[in-house]
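Visitor: Okay, sequence plus prediction incoming.
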Amino acid sequence: MWGIIPAAGAGSRIQPLAFSKELLPVGSRHDGGSERPCAVSEYLCERMIRGGADKLCFVIAPGKSDIMEYYGGGYGPASVAYVVQPQPAGLCDAIFCVAPLIAPDEEVLIGLPDTIWLPVDGFLALPEDKLAFLLFPVDNPSAFDAVETDEAGRVREIQVKAARPSTHWVWGAFRMPGRILHDLRQLWIERRRADEYMGTLVNAYLAQGGEAVGVRAGARYVDVGTLEGYRAAGDLLRKPDTDPALANGSNVTVATPAGRRLFGPRRMTRPVHPASRTETQQR
């Protein structure tokens, strides 16, 4: 199973930074007995691995080699690959850059690397054989893509940053079989690659008879791409009633349904985080 991580954005809402926004330290974790800053994108990586992904692919811009230096060839039990998006052409373009790597019978998980959400096993709530969106309740749905569903959970419409959305449920991640990914890519090409946002493309897919479901299994969703969201993420991680995998940013041992260990006490070797490198220099 693949996890696609679109990480080619410039992060203009939270600049200036001396490194890619996906490496922004949020909380901390323990590696081999020592505590280190935790990059915000690691939270998505862990959620994808909990959801069954054994291959992660970062879509990066040409100048974001620091992500490659940070993650190297693997994260925990998952292999890591990289695809370059030459120009900032939107989320659809970024996702479809990975399509040549994915077979029709493989499953795909997709999320945004500058977000933190609960529950950490949310991907497991999504069906395997459909285009399925993990939905979260938010106070400001106009800032996101709201997903209107019927009583059975079928998606009626995705309202892309609508001024007055009809629902406060927004998508934060999604899952699909590889064959649907290729169907969406073909439709995107037929529409002259005009869709920047996944929501407008999915609306066209639904209009042509395609199906998608929205699963209201999300509890908390924080966009860390703004200063306000960055502060909210820190508050979320500090609260004692959060999921144990987030409490104190600790490095915990978890198990898949089959009992396979994901993140145990062994050290995951990778270069020092840019923030901790600066801190060391200051000392």
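Guide: Yep, it's here.
Visitor: ok, the most centrally placed residue in the chain to residue 51 distance?
Guide: With distances taken as Cα atoms, centre = their mean, residue 111 lies nearest the centre of the chain, 2.4 Å away. For residue 111, the distance to residue 51 equals 9 Å [Cβ to Cβ, to the nearest Å]. The way it works is simple: take the backbone N, C-alpha and C, and place the C-beta from them, glycine included.
Visitor: Mutual contacts of those two, please.
Guide: Taking Cβ atoms under 8 Å, 6 or more residues apart in numbering as the criterion, residue 111 and residue 51 both touch residue 3.
Visitor: Stretch 179-189: how far from the chain's middle?
Guide: Mean C-alpha position of stretch 179-189 versus that of the full chain (Cα atoms, centre = their mean, to the nearest Å) differs by 20 Å.
Visitor: How much space separates residue 220 from residue 186?
Guide: Distance from residue 220 to residue 186, by Cβ to Cβ: 35 Å.
Visitor: try residue 108
Guide: Counting by Cβ to Cβ, the gap from residue 108 to residue 186 is 15 Å.
Visitor: same question, residue 112
Guide: When residue 112 is compared with residue 186 (using Cβ to Cβ), they lie 24 Å apart.
Visitor: out of those two, which sits in the more crowded spot?
Guide: residue 112 (21 against 12; other Cβ atoms under 10 Å).
Visitor: For the more buried one, list the residues it contacts.
Guide: 6, 44, 172-173, 223.
Visitor: Could you pull up phi and psi at it?
Guide: When read as degrees, to the nearest 10, the backbone of residue 112 gives phi -110, psi 130.
Visitor: if we look at stretch 137-144, which residues are touching it?
Guide: Residues contacting stretch 137-144 (Cβ under 8 Å, 6+ apart): 161-165, 167-171, 216, 218, 221, 223.
Visitor: Residue 81: which of those is nearest?
Guide: Nearest to residue 81 among the contacts of stretch 137-144, counting by Cβ to Cβ, is residue 171 at 24.4 Å.
Visitor: first to last residue in stretch 158-176, what's the distance?
Guide: Chord length of stretch 158-176, first to last residue, is 16 Å (Cα to Cα, to the nearest Å).
Visitor: model confidence over that stretch, on average?
Guide: Mean pLDDT, stretch 158-176: 97.
Visitor: again, but for stretch 236-248
Guide: pLDDT averaged over stretch 236-248 gives 57.
Visitor: so where's the stretch 101-250 of the chain shaky on pLDDT?
Guide: Across the stretch 101-250 of the chain, the ranges flagged by pLDDT under 70 are 240-250.
Visitor: Do you have the helices of it handy? List them.
Guide: In the stretch 101-250 of the chain, the segments counted as helices under DSSP state H, counting those that start in this stretch are 178-190, 198-207, 227-238.
Visitor: Now tabulate these in a markdown table and tack on distance to residue 19.
Guide: Formatted as a markdown table, those follow (distance: least, Cβ to Cβ, whole Å):
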| stretch | distance to residue 19 |
| --- | --- |
| helix 178-190 | 30 |
| helix 198-207 | 26 |
| helix 227-238 | 14 |
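Visitor: So which of those is nearest residue 64?
Guide: That would be helix 227-238 among the helices of the stretch 101-250 of the chain, by Cβ to Cβ, at 19.1 Å.
Visitor: quick one on the thing from earlier: from the contacts of stretch 137-144, which is closest to residue 99?
Guide: The closest of the contacts of stretch 137-144, once distances to residue 99 are taken by Cβ to Cβ, is residue 171, at 19.9 Å.
Visitor: Can you spell out which residues form a bridge with the closest residue to that closest one other than its chain neighbours?
Guide: Excluding its sequence neighbours, the residue lying closest to residue 171 (Cβ to Cβ, 6 or more residues apart in numbering) is residue 133, at 4.1 Å. Beta-bridge pairing for residue 133 (DSSP bridges): residue 174, residue 214.
Visitor: my read: residue 133 touches residue 174, true?
Guide: Yes. Between residue 133 and residue 174 there is a contact at 4.6 Å, judged by Cβ atoms under 8 Å.
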